[in-house]
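[1] everything below, folded, please.
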Amino acid sequence: MGNCRSSSALRSSNIKLEDSTHHGGKSLKGAASWRHPVELQFETSSNGTHSHQDESHQFDDLKLAFYEHVYRQNYFEAMEMLDDHGKSQISSYVDRYKRTPLHWASIKGTSLSFLNALIENYPEASVMKDYLGRTPLHLACEHACDQNVFSLLRATDPVVTKYRDSENLRSLLAESIVNLRSPLIIDAILQADTNQMAMKDFQGNNPTVLFFRINLGTILGKHRGESLTSSNLDDLVDIAAMLLQAEVKLETGIETEAHKNLLANAIQCPTCPFEFVAYIMSEFQEQIGYQDITTGDLPIHTACRAHDQELGLYKCDNCKQAKMRHVAYYFSHSNRTLRHVICDDCIHEDDKTGYTRLSPMKKIQETVKAILIANDKYASALTKTGETPLALALKSKQTWSLGAMEEIIKACPSLLYQRDITTDLYPFQLSASQRNLRYGDDEPKKNIDTLTTTFELLKRWPLANR
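    Predicted coordinates for the structure are as follows:
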């Protein structure tokens, strides 16, 4: 079989590609766009025999036949060729899409033994990018089974984890999230390169934002007893835990526990919507009282330390505005659809039944309120250093309108009379001292929020004497 040219490799009839995903979902321009990659290298002469289109680029018949077997998924014949000619790198053929047999095997799926044989025969292919900037590992994350992804992860140069495709600018991690890979795959990719958490796609979504845009509707729907997709709810929660843990580590350098600190991590990450925080508190109520073994903080302390939670991370897909008081997440029944984010100004009244309404501007307030409803004793819970939740909120530059102070004072009015252990200031003094630190002298109008906070604290001062 060694020197036999595959008859299918030399057919001159036009053959359409079997799946538009070979083009990344896009049609290629030109009359020959849909012809087989191999066939474009040949033309039929007037006497019916085949000649090379360009004599300066002759192809090895063996490599061409092997490539054709892999493309046609004739893996038994291809494996026989590898056994007979394994030392000659017969899998090094590159087609017009800059894809090798390893790329096509990653797209179409194959046995683990054949995939490993391909990698061993021509390891350079594992780092080669196709015309969309995707390596075999990227393609496997999009199309193949998890075991093939694991095999490629083990055999591929770590530099591949830093690559992003040229079409959507998605990292390997983002590609895995979009294509609903298992928690084991997500964990393996994060272990290979945590810095992928900082890579944004062409829409400006980091992996955590991408995950919640795709899966939040499914999580909430399953929580309500609906069956929207085949996704396993436990798997989705596991993936969320890994992503939130990785984001906290990237931002703070602190290694937290993915599952034990799930609630605290969800509170701390601005990318995590309140609805997921509420889901955790509903399903895992023990987490409300979980004390971090490193910092000694309870979830209420984490919420009171939070700041910059109102960043415009979720932009409206229509008007592209980021600072929205209300957004809605659309979740379709299609696993591969990126759910839309639509603001109140852009959504049509008839479409509201297909959207889940979220309120990111009130995340900290709603979180603290939910914690105190579960148990109001947390309003007076002290940190390891003796700081109250109220003092933490003030030092974190939270304001009355968007912070958690009103809820805390309602639960424990005596905090108004309690001096902060580190500054020896009363709460209203602590608020006043944050004025210039919060916005700076060059933005006097924004200091109104600080003045309002100080005023509200002073107005409630008599409550502490009752």
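[2] count of neighbours near Asp146?
    Applying other C-beta atoms under 10 Å, we find 16 residues neighbouring Asp146. No exception for glycine: its C-beta is placed from N, CA and C like everyone else's.
[3] that one and Leu180 touch, don't they?
    No. Asp146 lies out of contact with Leu180 (C-beta atoms under 8 Å); the separation is 10.8 Å.
[4] after the longest helix along the chain, next one along is what?
    Identified as the longest helix of the chain according to DSSP state H is helix 233-252. Remark: after helix 233-252, the chain's next helix or strand is helix 262-268, criterion DSSP states H and E.
[5] how far away from the center of its chain is that next one?
    In terms of C-alpha atoms, centre = their mean, to the nearest Å, the centre of helix 262-268 is found 16 Å from the chain centre.
[6] check what contacts that helix and list those residues.
    Helix 262-268 has contacts (C-beta atoms under 8 Å, 6 or more residues apart in numbering) with 237, 240-241, 244-245, 247-248, 256, 258, 272, 276-277, 280-281, 284, 287-288, 290, 292, 297, 299, 302-303, 305-306, 364, 367.
[7] ok, now stretch 397-412?
    303-304, 306-307, 309-310, 361-362, 364-365, 367-369, 372, 376, 378-380, 389-390, 393-394, 415-416, 434, 437-438, 449-450, 452-453, 456-457, 460, 463.
[8] same question for it: list its buried residues.
    397-400, 402-409, 411-412 (16 or more other C-beta atoms under 10 Å).
[9] do the same with stretch 413-431
    Applying 16+ other C-beta under 10 Å to stretch 413-431 flags Pro413, Leu415, Leu416, Asp420, Tyr426, Pro427, Phe428, Gln429, Leu430, Ser431 as buried.
[10] okay, now Gly109: neighbour count?
    When neighbours are counted by other C-beta under 10 Å, Gly109 comes out with 14.
[11] and if you look at Leu64?
    Neighbours around Leu64, by other C-beta under 10 Å: 20.
[12] just Leu382 next, same as before
    Around Leu382 there are 14 residues (other C-beta under 10 Å).
[13] report the contact partners of the residue nearest to it when sequence neighbours are not counted.
    The shortest distance from Leu382 to any non-neighbouring residue, by C-beta to C-beta, 6 or more residues apart in numbering, is to Thr388 (6.3 Å). Thr388 is in contact with Ser380, Leu382, Leu415, Gln418, Asp420, counting by C-beta under 8 Å, 6+ apart.
[14] now do the helices in the stretch 201-350 of the chain.
    Secondary structure of the stretch 201-350 of the chain, counting by DSSP state H, counting those that start in this stretch: helices at 207-223, 233-252, 262-268, 274-283, 299-305.
[15] isn't Ala370 up against Met281?
    Yes. Contact criterion C-beta under 8 Å: Ala370 and Met281 qualify, at 5.6 Å.
[16] just the pLDDT for the nearest residue to Gly133 once chain neighbours are set aside.
    Leaving aside its chain neighbours, Gly133 sits nearest to Ser166 (3.5 Å; criterion: C-beta to C-beta, 6+ apart). With respect to pLDDT, Ser166 scores 72.
[17] thought Ser166 was touching His138?
    No. With contact defined as C-beta under 8 Å, Ser166 and His138 do not form a contacting pair (10.9 Å).
[18] more crowded one of these two?
    His138 (27 against 14).
[19] that one falls within a helix, correct?
    Yes. The assignment for His138 is a helix, going by DSSP: H, G, I helix; E, B strand; the rest coil.
[20] which element is the closest residue in space to it that isn't next to it in sequence on?
    With C-beta to C-beta, 6+ apart as the criterion, His138 has its nearest non-adjacent residue at 5.5 Å, and that residue is Glu175. For Glu175, the host element (DSSP H and E) is helix 172-178.
[21] which neighbouring elements make contact with that helix?
    helix 136-143, helix 183-192, helix 207-223 (3 or more C-beta pairs under 8 Å, 6 or more residues apart in numbering; DSSP states H and E).
[22] highest mean neighbour count out of the ones you listed?
    helix 136-143 (a mean of 27; mean count of other C-beta atoms under 10 Å).
[23] what's the average pLDDT for it?
    89.
[24] now do stretch 382-393
    Rounded mean pLDDT across stretch 382-393 is 94.
[25] pull the distance from it to the chain's centre.
    With C-alpha atoms, centre = their mean, you get 33 Å for stretch 382-393.
[26] distance between the ends of it?
    Length of stretch 382-393, first residue to last, C-alpha to C-alpha, to the nearest Å: 13 Å.
[27] next up, the contacts around the closest residue to Lys260 other than its chain neighbours.
    Take Lys260 and drop its neighbours on the chain: the residue closest to it by C-beta to C-beta, 6+ apart is Tyr290, 6.2 Å away. Listed by C-beta under 8 Å, 6+ apart, the contact partners of Tyr290 are Lys260, Asn261, Leu263, Ala264, Leu298, Pro299.
[28] the closest residue to Asp420 other than its chain neighbours: which element?
    Of all residues not flanking Asp420 in the chain, Ala391 sits nearest, at 4.3 Å (C-beta to C-beta, 6+ apart). According to DSSP H and E, Ala391 maps onto helix 389-395.
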